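1. Show me how the following folds:
(chains A and B)
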Amino acid sequence: DGGITQSPKYLFRKEGQNVTLSCEQNLNHDAMYWYRQDPGQGLRLIYYSQIVNDFQKGDIAEGYSVSREKKESFPLTVTSAQKNPTAFYLCASSIVGVTYNEQFFGPGTRLTVL
Amino acid sequence: AQKVTQAQTEISVVEKEDVTLDCVYETRDTTYYLFWYKQPPSGELVFLIRRNSFDEQNEISGRYSWNFQKSTSSFNFTITASQVVDSAVYFCALSERISNFGNEKLTFGTGTRLTIIP
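-> Next up, the predicted model:
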C-alpha cells in the first residue's frame, strides 16, 4: 500500500541534543513538507521540498534543518537551537502540477524535550 | 497575508444530530483552493475535500456537505446525522502558491474539536 511513514511515533530528547525525525513516502510524489502542530493550534510549515536536492524554508524554519537526497525521503533535524521543540510533527507529500493537488499526511511524530 | 479563522474551538452534539463547522478565510489571491482535513485521535490528518475558488457549487459526499460562499469568504462543513466516529479535530485550510512548479503552501485554521456524545 502506498503511503507516508514517519518514525518514531514518540521521541524523547534531552535539552541540547539534536534529533532527526524520519519521513518516507512511496507515493512517487515530488513535493514533501514538514509541519509543526502545537496544542490548540493549526499546523505551521517548517520546510518544504519540490524536487530532490532542493528545499525551501517555511514560516518557522529557525532551529530546524532538512535534506532531500532521495525522492522518497525528507528527514527533519531538530537542532539544539530550536528553543521550544516539544510538539507534534507531521510530514506530508503531494504531486506537483499545474493545478493544486492535495497534500497527504503521515501519522506524525510526537517529540518531547525532557 | 493569508488567514483562516475557525471560531468554534470545541463543539459537542448528541449522536444523530446535525452539526456545522464554520470556516472563514482571507486572501488576496484570485485563484486559490480551500480544504478540509480531519484529525482523529491517532493524529494523522485525513483529507476530506478540496474546492477551488471558481467553483461555488455545494458538494455532498454521504453525510458530509460543504457550503462555499465567496461573497462571505466562508467554506462551512456540515455533518448530517452525526456518529461517534465523527469525533475528531477538523481543520480548514487555504492554499497559497509558493512556486512556479505548481505546488502550494497551506495555511491552516486552529481547528474545531468535535465530540459526538453517544
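
2. ok, and the closest non-adjacent residue to B:I117?
-> B:V14 (5.0 Å; Cβ to Cβ, 6 or more residues apart in numbering or on different chains). The way it works is simple: take the backbone N, C-alpha and C, and place the C-beta from them, glycine included.

3. I'd guessed that neighbour sits against B:T115; true?
-> No - counting by Cβ atoms under 8 Å, B:V14 stays clear of B:T115, with 10.1 Å between them.

4. Look up the closest residue to whichever residue of chain A sits closest to chain B, ignoring the ones flanking it.
-> Closest approach between chain A and chain B, counting by Cβ to the nearest Cβ: A:G42, at 3.3 Å. Excluding the flanking residues, the one nearest A:G42 by Cβ to Cβ, 6+ apart is B:F108, at 3.3 Å.

5. Strands of chain A, residue ranges please.
-> Under the criterion DSSP state E, chain A contains strands at A:4-7, A:10-13, A:19-25, A:31-37, A:43-49, A:56-57, A:64-66, A:76-78, A:87-94, A:104-105, A:109-113.

6. what comes up buried for the second one?
-> Neighbour-count burial for strand A:10-13 flags A:11, A:13 (criterion: 16 or more other Cβ atoms under 10 Å in any protein chain shown).

7. That strand and chain B, any residue contact?
-> No - if you take Cβ under 8 Å from any Cβ of the partner chain as the test, strand A:10-13 misses chain B, and the best it gets is 10.7 Å.

8. circling back to that earlier point, redo the strands of chain A as JSON lines? Include mean pLDDT.
-> Shown next, in JSON lines, are those (pLDDT from 0 to 100):
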{"stretch": "strand A:4-7", "mean pLDDT": "94"}
{"stretch": "strand A:10-13", "mean pLDDT": "92"}
{"stretch": "strand A:19-25", "mean pLDDT": "96"}
{"stretch": "strand A:31-37", "mean pLDDT": "95"}
{"stretch": "strand A:43-49", "mean pLDDT": "93"}
{"stretch": "strand A:56-57", "mean pLDDT": "92"}
{"stretch": "strand A:64-66", "mean pLDDT": "97"}
{"stretch": "strand A:76-78", "mean pLDDT": "96"}
{"stretch": "strand A:87-94", "mean pLDDT": "95"}
{"stretch": "strand A:104-105", "mean pLDDT": "92"}
{"stretch": "strand A:109-113", "mean pLDDT": "94"}
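
9. deepest of the ones you listed, which one?
-> Mean neighbours per residue, mean count of other Cβ atoms under 10 Å in any protein chain shown, is largest over the strands of chain A for strand A:31-37, with a mean of 25.

10. so what secondary structure elements neighbour that strand?
-> strand A:19-25, strand A:43-49, strand A:87-94 (3 or more Cβ pairs under 8 Å, 6 or more residues apart in numbering or on different chains; DSSP states H and E).

11. give me the residue from chain B nearest chain A.
-> Nearest residue of chain B to chain A (Cβ to the nearest Cβ) works out as B:F108 at 3.3 Å.
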